[in-house]
Every structure is written in structure tokens, then in C-alpha cells.
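Engineer: here is my input, please return the structure:
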Amino acid sequence: MDYEQLAADVVARARKAGADEADVYLQISTEFNVQVRKGEIETLTQAGSKGLGLRVFVDKRQGFASTSDFESAAIERLVKTTVALAAFADQKPENGLPEAEAPPARPDLKIYDPTVESVPTDEKIGQAKRCEAAAFAADPRITNSEGAGFGSGTTYTVLANSRDIVASYHSSGCSVFCQPLAEENGKKQVDYEWSFKRAYADLESAEEVGRRAAMRVVRKLGARKVPTQTAPVVFDRRVAARIWYAVLNAVDGDAVYKGMSFLKDRLGEKIAAESVTLIDDGTLVGGAGSAPFDGEGLPTRRNVLIEKGVLKMFQYDTATARKAGAQSTANARRSYGSVPGIGPFNCFLVAGSQTPEEIIAALPNGFFVTDMMGSGANTVTGDFSIGASGVWIENGALAYPVEEVTIAGTMENILQGIERIGTDLIFNSSVVSPTFQVAEMTISGI
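Structural biologist: All right, here's what the predicted structure looks like:
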């Protein structure tokens, strides 16, 4: 089936049925997942899915519906239903398609590997088994497992709208993960590690992922509390990314417009240390979140959110930008089952010049945070408090594991207090970060 033509035909039907404007977001996906535990397969699924979402605007009223049935009669019902739904919606001046032409052709973003679908099933299962086996072999204290797995998938995305835009792209991804359990003196700990890549050949070896998972969990054994104090805090790259999720929520244009962000009046001001540059780049080659266009058909771009500590911009989709008197930043995200909302593509803190080991070595004492529990940040007030565990630093070295403590401060104190940024930036998710160190935070323990 010609899915671009189908999407364009649905738009034409919607216009004929009374829509002033319309767009279609269509996705065809395949998915494979296997999970093993102690060498035995626990779950194995292979599936395909498809769906089409139709959004219409009638007199500045929005209607939306979706379907997985692409037969002509089902499409006709979808069109009639969606146009009828618009009549019940509120009339809003910001409603409507973006005023833009078709996304221009651009160099290959390398987000699609056709070989992902052709990898033999036994090889995928073998990846999961080897990953778990490597974790077990790494240390005798690893006595159990909550599973290891391999996943892969492909998606074909099509967007068409009544401004005569029809665009599409293929994407893929694959991952391997492991979650071992270690035990010592009757106490158990669990941790995990994973690797994600767009291309199968680029995926880290299953054995290496398993060994890293083992290192992380064994490092937790013998954990204890520490006295309540103020000390430097180093955020491991994996938990560091959660700080930037909070910042993304605070620069979300809708939250800013509603006054629900601690950064709402800070545009152009220095909100972080000069070493901090935060970028969201939808055009990053091979990026986990890269795409040629956003959920409304606008070409993706490189947005500098914070530059040398200065807040440079908020993120918008079309409707929110219109409400705020701004321009879309091409940050509309959606699936076929939803209307567009604001979200990142590849958000990352620009890497620094020191390795994590060098950052730790520079501290007489401090807390290396490897896990955080809970949401942590209140992006309305800027307060930050979260349960944490990790490793205590003494004389520039990792001394002993720590658990059941709380770290607290404010988001601005964290951002302004960043003193060192690591080199370990790995693009394995849509929001990533290198390790970084904050001057001090309150650590509540004993």
C-alpha cells in the first residue's frame, strides 16, 4: 500500500467533509522483544502494528480521532466522526496548522537500519542470554537476576496535511539490557545496565553490558547511611539525565505560558554555571530521538536552550507558540493516537573535559549518586528533594556504598553550582547527560 497516498487521500476526504484544515499522522511499526531469566526464556513477543490519527480544524475548533483499520469504509467513518467531534470543541484562536512549507530534503540522519528486521530470532535470544551470563560470571555474589533482554523495532512515519505537505521517514532501534541481583550477608541489591542504538551493528556487546550491570550492582553491597551534612554531589551520567528532564519541564512553553515554571520570567538571565550549555537537537545523526520533521511537519532543528549558563529559549509547538506570541521551535511530538504536544528530540548537556574518575579524584569528600528514587524536582517552585543511593567519596576515591539518604536543594542551586562536567556523554536516549559535579547539596541521612 502507498501510505503517503493514503494519508493525502484522508486529508482530502476531511476537507470535503467540512474541515477547514486537516492533518494525518500515520505509523506502521514492527516490534520484537525477548526476556530471559537464569538462562531460560520468560517472554518472547513479535508483533506489528499500524495506526492513523486524523486531526481537523473547523472554525478554529479541533477534532481528533484515530484508527488502525485502513479500509475505505473505516476511513470514511473516521472522517465523519472527527469532523463531528470538532463541533463540540471550544473555539480557540491558536488552533490550526503551522504556516510552513514541506520540510526540505536533508542529509541522511542515519536513524534507520533495514538489517534490524532481518536479524535471526536465535541471534536476538542469544544476545539476551549472553548478557545475563556475563553478569553472573562477573562475580559470585550475583546469585539471581530480574532478567535480561533484547528488543528491536522499526517504524515508518507519514505526515500529510491540507497545506499540500506529504512527508515520511523510516526509523529503527535495538537494545540489550540486564538487571542482575547480588547478595551478601543476607542483604540483596539490584541494578541494571543497557545499550541502545539505531543500527544493529553499532550495539554494544551483550557481554560488556552484562559486565557493567554486574559492576553496578556489586558496588551497592554493604551500603549504609551517612550522617546528615552538606557536601559536594556527583551525579552519575545516568541519573544526571533526570536533572535535565526537570529543566525541560521548566522550559516547556505551555508551562511557562500558564505561569507554572520556576523559569517563567528568566529568559536571557544566567540560570546556571558558565560551563552549562544545554542543547536539544532533532537533527543529530544517529540520535535516539532524531527525526527529519516534528509532529506537525516542521523541519527539526538544533535548539540551544541554555548557552554558557544563560537561558536562551523556551520550547513550543504551534498552538502554544501562538498563545505566547512566539514561534514554534519545531518541538511538536506525537504518535498516531494523540494530538501534538511539546517534547524534546535529543536533549543533552554538552560534555566537559574531565573523566568521571578525574571529577571524583578532585574531591576530598562527597557523594557519588548512582540512583535516585521518586520525582525529585518541583518545576513550579524549583525545589528539589529526592531519595538517593550511591557511593561515598573520601580522599578522591570511591570509599563505600551509601543508601537510604535524601539529597535536597533547589534547581537553581544545582544549575548554578555545577563545577565539573564529564566526558562520558552517550546518546542512548532522547535525554542524556555526562556525569557532573555540584558544589554542595544537603544530604539527609542518620
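
Engineer: what are the ranges of the strands in the stretch 251-400 of the chain?
Structural biologist: Ranges of strands within the stretch 251-400 of the chain are 278-281, 302-307, 310-311, 332-333, 341-342, 347-349, 365-373, 383-394, 397-410, based on DSSP state E, counting those that start in this stretch.

Engineer: of all these, which one is nearest residue 87?
Structural biologist: strand 341-342 (23.2 Å; CB to CB). Just so you know, the C-beta spots here come from the backbone N, C-alpha and C atoms, and that holds for glycine as well.

Engineer: give the pairing partners of the closest one; include direction for each.
Structural biologist: strand 332-333 (antiparallel) (DSSP bridges).

Engineer: pretty sure residue 302 sits against residue 277.
Structural biologist: No: between residue 302 and residue 277 there is no contact under CB atoms under 8 Å: 11.7 Å.

Engineer: point out the most buried one among the strands of the stretch 251-400 of the chain.
Structural biologist: strand 347-349 (a mean of 26; mean count of other CB atoms under 10 Å).

Engineer: so in that sheet, which strands flank it, and in what orientation?
Structural biologist: strand 278-281 (antiparallel), strand 431-432 (parallel).

Engineer: could you redo the ones you listed as JSON lines and give each row mean pLDDT?
Structural biologist: Shown next, in JSON lines, are the strands paired with strand 347-349 (pLDDT from 0 to 100):
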{"stretch": "strand 278-281", "mean pLDDT": "98"}
{"stretch": "strand 431-432", "mean pLDDT": "98"}
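
Engineer: adding distance to residue 27, write those strands out as JSON lines.
Structural biologist: Formatted as JSON lines, those follow (distance: least, CB to CB, whole Å):
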{"stretch": "strand 278-281", "distance to residue 27": "22"}
{"stretch": "strand 431-432", "distance to residue 27": "22"}
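
Engineer: to residue 373, which of these lies closest?
Structural biologist: Among those, if distance is taken as CB to CB, the winner is strand 431-432, at 18.4 Å.

Engineer: mind listing what's buried in the least confident helix or strand in the chain by mean pLDDT?
Structural biologist: Least confident element among the helices and strands of the chain, by mean pLDDT, DSSP states H and E: strand 187-190 (a mean of 94). By neighbour count with 16 or more other CB atoms under 10 Å, strand 187-190 contains the buried residues residue 189.

Engineer: helices or strands next to the helix or strand following it in the packing?
Structural biologist: Next helix or strand after strand 187-190 toward the C-terminus (DSSP states H and E): strand 193-197. Applying 3 or more CB pairs under 8 Å, 6 or more residues apart in numbering; DSSP states H and E, we find strand 193-197 packed against strand 165-184, helix 206-218.

Engineer: tell me the strands beside the first one, with direction?
Structural biologist: Paired strands of strand 165-184, with direction, are strand 142-161 (antiparallel), strand 187-190 (antiparallel), strand 193-197 (antiparallel) (DSSP bridges).

Engineer: in TSV: these, plus distance to residue 205.
Structural biologist: Supplementary listing: the strands paired with strand 165-184 in TSV, determined by distance: least, CB to CB, whole Å:
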stretch	distance to residue 205
strand 142-161	12
strand 187-190	22
strand 193-197	8
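
Engineer: re earlier: so which of the strands of the stretch 251-400 of the chain comes closest to residue 317?
Structural biologist: Comparing the strands of the stretch 251-400 of the chain under CB to CB, the one sitting nearest is strand 332-333, at 3.8 Å.

Engineer: which residues are contacting that closest one?
Structural biologist: The contact list for strand 332-333, computed with CB atoms under 8 Å, 6 or more residues apart in numbering, reads 294, 295, 296, 298, 317, 318, 340, 341, 342, 343, 344, 345.

Engineer: of these, buried ones?
Structural biologist: Buried among those (16+ other CB under 10 Å): 294, 295, 296, 298, 317, 318, 340, 342, 343, 344, 345.

Engineer: and which of the residues you listed is nearest residue 87?
Structural biologist: Among these, and counting by CB to CB, the member closest to residue 87 is residue 340, at 21.1 Å.

Engineer: which pLDDT value goes with that closest one?
Structural biologist: With respect to pLDDT, residue 340 has a value of 97.

Engineer: what residues are up against it?
Structural biologist: Contacts of residue 340 (CB under 8 Å, 6+ apart): 294, 295, 296, 317, 318, 319, 332, 333, 334.

Engineer: contacting residues for the first one?
Structural biologist: This points to residue 294. 282, 300, 317, 330, 331, 332, 333, 340, 345.

Engineer: against residue 177, how distant is the last one?
Structural biologist: According to CB to CB, to the nearest Å, residue 345 and residue 177 sit 23 Å apart.

Engineer: gap between stretch 43-58 and the chain center?
Structural biologist: Here the centre of stretch 43-58 is set off from its chain's centre by 20 Å, with CA atoms, centre = their mean, to the nearest Å.
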